[in-house]
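Trainee: this one's sequence-less:
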């Protein structure tokens, strides 16, 4: 039950991130075509950069769960069994602590913007806490995902972010197609 | 704490935290936190939140996900099959014959994709078995693929170039334009090597494929035309200044979607998949950029970058000595970490030095990207090696040995662009005369 809810949470926020990508694309197209025909989207570049913020942060948990957050695996991948488990738990603790702090601080930033009624400076004036909230929510979901992994690994499970190595060429090409390395 | 002590502490902490397997973005953030804790009393959390906000809410950066998406769409078309069929009839006469399809195929795909792994995987999945079937030398075939795949990074659009341009605060367009001629240079070096190798090993090149009438050749390569048109359109809009980098990326996506629709390979599920994988890659890079932005701000408080730049100035180091020292550092780093992290980790320290020594930052971006290319093919963590190792079933060392000559050729390219910086700067200067 909780498992399904959490997985749905990561996936849905991942989709939100994907929708933001399409939004950036459409905004850019409308803006550059609009310039030719004297039709402009007010504060279009502000909206595009906020869509980018949404995209960058909403998709974090999904990206992390799929094992596409990069790390230096040189040493940790040499470890096995119990040692590996401890090393993973340490990494997850450090990451949770930092992301927790990060979430808290972006939350304070959004709170301050709301308190002081900070507005964007473009043609269309938007309260800044609205786009800033995307950072807080995205990081918050990432924090949930990190704690979730911590529990999985502590119980002796295989981390979700560490997929089985590919077995066939098709699987590998598929894997590369799915991202995972520039 | 004195500056050298502080630098040492931070460096050791960075190495320790990254080696322990903590995610790179988190590691960067932690180094920033430690640095600020040691040297200032300003509210750290506030600096963290505001630098990350202003670094990610950026219009210029919006080009990044679009270029990534463009590559992801084309990856899902039948481009790779068409590439081999379209190129092979024309390359039979060159010494080394079809091996050159690897180099030129990767070069063409590189011009629509910003990723090296995708370039290797796309071209390799067809070319590797086809070349093996015809009896080409496997080592040369693997080596050329590993080496040419890295062109995905040097020939624009390029993901590391966007990352560099944003970190160094230079124009994405200029760095892109700077990559074209060095990309052609690297291709020429690779092809030259293959030609010489084939002269030295005359027995190892299999005979020609049965020859084809000229019209048939044209028909085969006509399939490549839409892709070449897309490249030409992107290139022209860049150099003629029709579009900003971000708009250019949006047009690129439109072109890629059109191409995929036209070739009938864009299923609905492939389309959704392309969005999601572009999203994940972007999120990964954006979190690293966020961590790096904070780390850079924190380093500014410590005064280390400025002091280092001052020191370089005081040493009266010749520019070539500096480049030599940096080259050694980047080769070592490239063996240990991936290219994107390499750029953001070193930018804050290296850029002020390089500027002080009088190098053009656009030139330095291209130089750095060639080092990122090398990092893709140096063991133990070169990603192209990993891809090819899985594709061919060989072990890492075999693939790494096959790729070694191409690693050397990339170093030759570095020497050439250092001696003749005009190769990099010609196109950017042509498009932006001031």
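Mentor: Great, that's in hand. This one's a predicted model, so the numbers in the text were calculated from it and none came from an experiment.

Trainee: Flag every buried residue along stretch B:369-383.
Mentor: Judged by neighbour count using 16 or more other C-beta atoms under 10 Å in any protein chain shown, the buried positions of stretch B:369-383 are B:369-379, B:381-383. For the C-beta atoms, the positions are set from N, CA and C on the backbone; glycine is no exception.

Trainee: ends of stretch B:129-145, how far apart?
Mentor: One end of stretch B:129-145 to the other measures 12 Å (C-alpha to C-alpha, to the nearest Å).

Trainee: What's the mean pLDDT across that stretch?
Mentor: The average pLDDT for stretch B:129-145 rounds to 92.

Trainee: Quick one: distance of it to the chain centre.
Mentor: Centre-to-centre, stretch B:129-145 and its host chain are 24 Å apart (C-alpha atoms, centre = their mean, to the nearest Å).

Trainee: Would you tell me whether it gets close to chain A?
Mentor: No - for stretch B:129-145, no contact with chain A is found by C-beta under 8 Å from any C-beta of the partner chain; the gap never falls below 8.8 Å.

Trainee: quick one: buried residues of that stretch?
Mentor: For stretch B:129-145, the neighbour count (16+ other C-beta under 10 Å) marks B:130, B:131, B:134, B:136, B:137, B:139, B:140, B:141, B:142, B:143, B:144, B:145 as buried.

Trainee: tell me which of those is nearest to residue A:26?
Mentor: Nearest to residue A:26 out of the buried residues of stretch B:129-145 is residue B:145 (C-beta to C-beta; 36.6 Å).

Trainee: hang on, that closest one in a helix?
Mentor: Yes - Residue B:145 forms part of a helix when assessed by DSSP: H, G, I helix; E, B strand; the rest coil.

Trainee: check contacts around the residue most central in space within chain A.
Mentor: The centre of chain A sits closest to residue A:60, judged by C-alpha atoms, centre = their mean, with a distance of 1.5 Å. Counting by C-beta atoms under 8 Å, 6 or more residues apart in numbering or on different chains, residue A:60 makes contact with A:138, A:139, A:141, A:142, A:145, B:283, B:287.

Trainee: Relative to residue A:144, how far out is it?
Mentor: Applying C-beta to C-beta, to the nearest Å, the value for residue A:60 to residue A:144 is 11 Å.

Trainee: Same check on residue B:120?
Mentor: For residue B:120 relative to residue A:144 (C-beta to C-beta), the value is 35 Å.

Trainee: Settle it for me: which of these two has more neighbours?
Mentor: Per other C-beta atoms under 10 Å in any protein chain shown, whichever of residue B:120 and residue A:144 has more neighbours is residue B:120, with 32 against 17.

Trainee: List the contacts of the nearest residue in space to that one that is not next to it in sequence.
Mentor: Excluding its sequence neighbours, the residue lying closest to residue B:120 (C-beta to C-beta, 6 or more residues apart in numbering or on different chains) is residue B:149, at 3.2 Å. The contact partners of residue B:149, by C-beta under 8 Å, 6+ apart, come to B:106, B:116, B:117, B:119, B:120, B:123, B:124, B:376, B:384, B:387.

Trainee: Confirm for me that the fifth one is in contact with residue B:144.
Mentor: Which is residue B:120. No - the pair residue B:120 and residue B:144 does not pass the contact test of C-beta atoms under 8 Å, sitting 10.7 Å apart.

Trainee: if we can go back for a sec, residue A:77 versus the residue nearest to the centre of chain A, what's the distance?
Mentor: Distance of residue A:60 to residue A:77, given as C-beta to C-beta: 23 Å.

Trainee: What pLDDT is listed against residue B:394?
Mentor: Residue B:394 carries a pLDDT value of 86.

Trainee: Leaving out the residues flanking it, which one is nearest to residue B:253?
Mentor: Nearest non-adjacent residue to residue B:253 (C-beta to C-beta, 6+ apart): residue B:70, at 4.9 Å.

Trainee: Repeat that for residue A:134.
Mentor: Nearest residue to residue A:134, sequence neighbours excluded (C-beta to C-beta, 6+ apart): residue A:54, at 4.4 Å.
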